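[1] When you get a sec, could you give me coordinates for this:
(2 chains)
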Amino acid sequence: MSVENVCGSTHCITCGDDGEPMTVIAVDEQRGLALCEAEGGQRHSVETALVGPLTGGDRLLVHAGTAIATLAEGPVK
Amino acid sequence: MKFVDEFRDAELGRAVAAEILSRVEPGRHYKFMEVCGGHTHSIYKYGVDDLLPANVELVHGPGCPVCVIPMGRVDDGIALAHIDGVIFSCFGDMMRVPGSEGSLLEAKAAGADVRMVYSPLDALRIAKQNPDREVIFFAIGFETTAPSTALTLRRARAEKVTNFSCMCNHVTIVPPLRALLESPDLRLDGFIGPGHVSTIVGARPFEFIPAGYGRPVVIAGFEPLDILQAISMILRQLQAGRCEVENQYTRVVPYDGNLRALQVMSEVFELRPHFEWRGLGFISHSGLRLSDAYADLDAERRFSVPGVRVADPKACQCGEVLKGVIKPWECKVFGTACTPERPIGTCMVSSEGACAAYYNFGRFAREREVV
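    Numbers count the residues shown, from 1 in each chain, chains lettered A, B, ... in the order given. Presented below is the predicted three-dimensional model:
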């Protein structure tokens, strides 16, 4: 995802106190990072120090490049 | 899309709207503040207020970090950006915030090396790629964003990146809420609490609102159904004579917050004695600066910063908008002298600012109302 898409004319993920759901593709435990995929298929390197431990397929809420929460499995209430 | 589609279901939205209608007391006017700029954006984007009864009014709060940055801090950032050899990095919306003599975008046009980043980690990456340049990250945001900055500074320390520093403008949400509640010209019946700030700090910090000021708080997610449900929950509390903090956004927000985030924030930051908020003035213990342990990564200590206080433009009524005293369209320059293309006030800069959100989405609805 380009910065222009994130902070475009209709939305800014940082200023909007926003969180983007992403799926963990691979975990780099040593560096505290995970390669994650956003809903649109774009991949990002995400800071994981606030969540975890993680495995591939976990769902995260990502804000400004940092995972701030893990998203629960199962039906949404 | 999971976690999104379920909360944009039109049929469910109409059902919750009917529930809201059934809970309002005829003849009573309800005024609820959505604290967060993300909520403001969603309300206008999805027309949430069009689904509400006429006697339920939403007031936009101070929860857009760009909107509360005072001009003096922008000027300080621009001064840093003009230092020889500096790469100045910041989030997208920050680039267009007007200082007293222009914005960071204009500074870039004038030759300063200003770069837009998506995360503090991107700024650190720029520093590692440019070891012969000083890279400054202009950090803004509430408690949602502050841990990201803190982790990046800790990473910079661990990786011995010495050409990276941070100009910290992080703010905390509770002090301005307390200031608003103390304000005599504001009457509110309840609060829609900030969803992602609460992911970090939890629900507990908001307990002073029902306990000390007798107003319910419902922490809410950002989809239209989240906001409608939160309004219904506030009304249910008022109807039942209850007054407490409730969490609508349980799929993400733990009541005690994210303890790892709170720990790293307390390691890297400390509270400033006071910090200036645009339109709200100086508020005690409302801003963060780097702790002494991270002094070497503090751009304000590494470089000389002018630190001059600049008064807001007279024509701009961002302060009243931020306090919810006036609606965006009631500002004298809204949509005429002040537009998203040429903003005078910060509320028109960020797409999460009440003025820009209303300009982009809500004004069409208002035109319909007028007709």
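[2] Look up how far B:Glu34 lies from the closest residue to B:Gly353 other than its chain neighbours.
    Using CB to CB, 6 or more residues apart in numbering or on different chains and skipping residues adjacent in sequence, the residue nearest B:Gly353 is B:Cys347, 3.9 Å away. All C-beta spots, glycine's among them, are computed from the backbone N, C-alpha and C. Separation of B:Cys347 from B:Glu34 (CB to CB, to the nearest Å): 14 Å.
[3] higher neighbour count, the two?
    A direct count of neighbours by other CB atoms under 10 Å in any protein chain shown for B:Cys347 and B:Glu34 places B:Cys347 higher, at 35 against 27.
[4] On the three-state scheme, that one is what?
    Taking DSSP: H, G, I helix; E, B strand; the rest coil as the rule, one finds B:Cys347 in the helix state.
[5] okay, it: pLDDT?
    Note on B:Cys347: pLDDT of 78.
[6] Over to B:Val86?
    B:Val86 is assigned a pLDDT of 98 by the prediction.
[7] Just list the residues touching it, thanks.
    B:Val86 makes contact with B:80, B:112-113, B:133-136, according to CB atoms under 8 Å, 6 or more residues apart in numbering or on different chains.
[8] so where is chain A shaky, pLDDT-wise?
    A:1-17, A:73-77 (pLDDT under 70).
[9] Kindly recompute the last result at 90.
    Within chain A, the stretches with pLDDT under 90 are A:1-21, A:39-40, A:52, A:64, A:71-77.
[10] just the strands in it please.
    Listed in chain order, the strands of chain A (DSSP state E) span A:20-28, A:33-38, A:43-47, A:59-63, A:66-70.
[11] Relative to chain B, which of these is closest?
    The stretch from the strands of chain A with the least distance to chain B (CB to the nearest CB) is strand A:66-70; that distance is 3.9 Å.
[12] With just CA atoms, put stretch B:74-82 into PDB.
    C-alpha atoms of stretch B:74-82 as PDB (Å, rounded to 0.1, in the frame of the first residue of the first chain):
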ATOM      1  CA  VAL B  74       4.400  23.300  12.900                       C
ATOM      2  CA  ASP B  75       6.800  26.300  12.700                       C
ATOM      3  CA  ASP B  76       9.200  24.400  14.900                       C
ATOM      4  CA  GLY B  77       9.000  21.400  12.600                       C
ATOM      5  CA  ILE B  78       9.600  23.500   9.500                       C
ATOM      6  CA  ALA B  79      12.600  25.100  11.200                       C
ATOM      7  CA  LEU B  80      14.100  21.600  11.800                       C
ATOM      8  CA  ALA B  81      13.300  20.600   8.200                       C
ATOM      9  CA  HIS B  82      15.300  23.500   6.900                       C
END
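[13] Helix or strand next in line after the helix or strand hosting B:Ser232, which one?
    Here B:Ser232 sits within helix B:224-240, counting by DSSP states H and E. Counting by DSSP H and E, the next helix or strand C-terminal to helix B:224-240 is strand B:245-247.
[14] For B:Lys314, the count of nearby residues, please.
    8.
[15] picking that back up, determine which of the strands of chain A approaches B:Gly72 most closely.
    Judged by CB to CB, the one of the strands of chain A that comes nearest to B:Gly72 is strand A:59-63, at 27.1 Å.
[16] Direction included, what does that closest one pair against?
    strand A:20-28 (antiparallel), strand A:66-70 (antiparallel) (DSSP bridges).
[17] For the residue most central in space within chain A, list each beta-bridge partner.
    Per CA atoms, centre = their mean, the C-alpha nearest to the average position across chain A is that of A:Val62, at 3.3 Å. For A:Val62, the beta-bridge partners under DSSP bridges are A:Glu20, A:Ala67.
[18] and it, what does it touch?
    A:19-22, A:36, A:38, A:44, A:46, A:68.
[19] go on, B:Ala230?
    Residues in contact with B:Ala230 (CB under 8 Å, 6+ apart) are B:192, B:218-220, B:248.
[20] Repeat that for B:Arg73.
    Here B:Arg73 is in contact with B:169, B:276 (CB under 8 Å, 6+ apart).
[21] Specify the local secondary structure of it.
    helix.
[22] Could you check how far it is from chain A?
    The gap separating B:Arg73 from chain A is 15 Å, by CB to the nearest CB, to the nearest Å.
[23] Also B:Ala211?
    With distances taken as CB to the nearest CB, B:Ala211 is found 24 Å from chain A.
[24] name the helices or strands packed onto the strand or helix carrying that residue?
    Assigned by DSSP H and E, B:Ala211 belongs to helix B:208-213. Helix B:208-213 sits against helix B:174-182, with contacts defined as 3 or more CB pairs under 8 Å, 6 or more residues apart in numbering or on different chains; DSSP states H and E.
[25] neighbouring contacts of the helix or strand just after the helix holding B:Ala211?
    Proceeding N to C from helix B:208-213, the next assigned helix or strand is strand B:217-219, under DSSP H and E. In this structure, residues lying in contact with strand B:217-219 by CB under 8 Å, 6+ apart are B:190-195, B:198, B:203, B:206, B:209-210, B:230-231, B:233-234, B:237, B:244-249, B:253.
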